[in-house]
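> Sequence and computational prediction follow.
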Amino acid sequence: MELTNAIWRKSSYSGGNGGQCVEVARNLPGVVAVRDSKDPGGTKLVFTSAQWAVFAARVKAGQFGLS
């Protein structure tokens, strides 16, 4: 998928410590792209909007044991 026009936004949970930084692009039709902000030229994951909504809801519900 072509991501040249993606507008990336860093997660507010990433903090400024240079650690686990995630960026999300939601301006693409029908999909959400995710990348590591420390490696913007690296691998990017692409989800349908529906897949992303389910993932985000499960994270918020604590279903992945993340702290």
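In hand now; what should we look at?

> could you pull out the helices for the protein?
Here the chain has its helices, by DSSP state H, at 49-60.

> hey, where'd the strands end up in it?
Applying DSSP state E to the chain gives strands spanning 8-10, 22-25, 31-36, 44-48.

> Can I get those in JSON lines including mean neighbour count and distance to Arg58?
From N, CA and C alone the C-beta is placed, and that goes for glycine too. Shown next, in JSON lines, are the strands of the chain (neighbours: other C-beta atoms under 10 Å; distance: least, C-beta to C-beta, whole Å):
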{"stretch": "strand 8-10", "mean neighbour count": "14", "distance to Arg58": "21"}
{"stretch": "strand 22-25", "mean neighbour count": "18", "distance to Arg58": "16"}
{"stretch": "strand 31-36", "mean neighbour count": "18", "distance to Arg58": "15"}
{"stretch": "strand 44-48", "mean neighbour count": "14", "distance to Arg58": "13"}
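
> how about those, which one is nearest Val59?
Each of these has some distance to Val59 by C-beta to C-beta; the shortest is strand 22-25, at 11.1 Å.

> Just give me how far the closest one sits from the chain centre.
The gap between where strand 22-25 is centred and where its chain is centred comes out at 4 Å by C-alpha atoms, centre = their mean, to the nearest Å.

> Please work out the average pLDDT along stretch 9-28.
Confidence for stretch 9-28, expressed as mean pLDDT, is 80.

> Next, the distance between the ends of it.
Using C-alpha to C-alpha, to the nearest Å, the end-to-end distance of stretch 9-28 comes to 13 Å.

> same deal with stretch 21-28?
Note: stretch 21-28 ends 21 Å apart using C-alpha to C-alpha.

> Residues touching it, excluding its own?
Where contact means C-beta atoms under 8 Å, 6 or more residues apart in numbering, the residues beyond stretch 21-28 that reach it are 1, 3, 5-11, 13-14, 32-38, 40.
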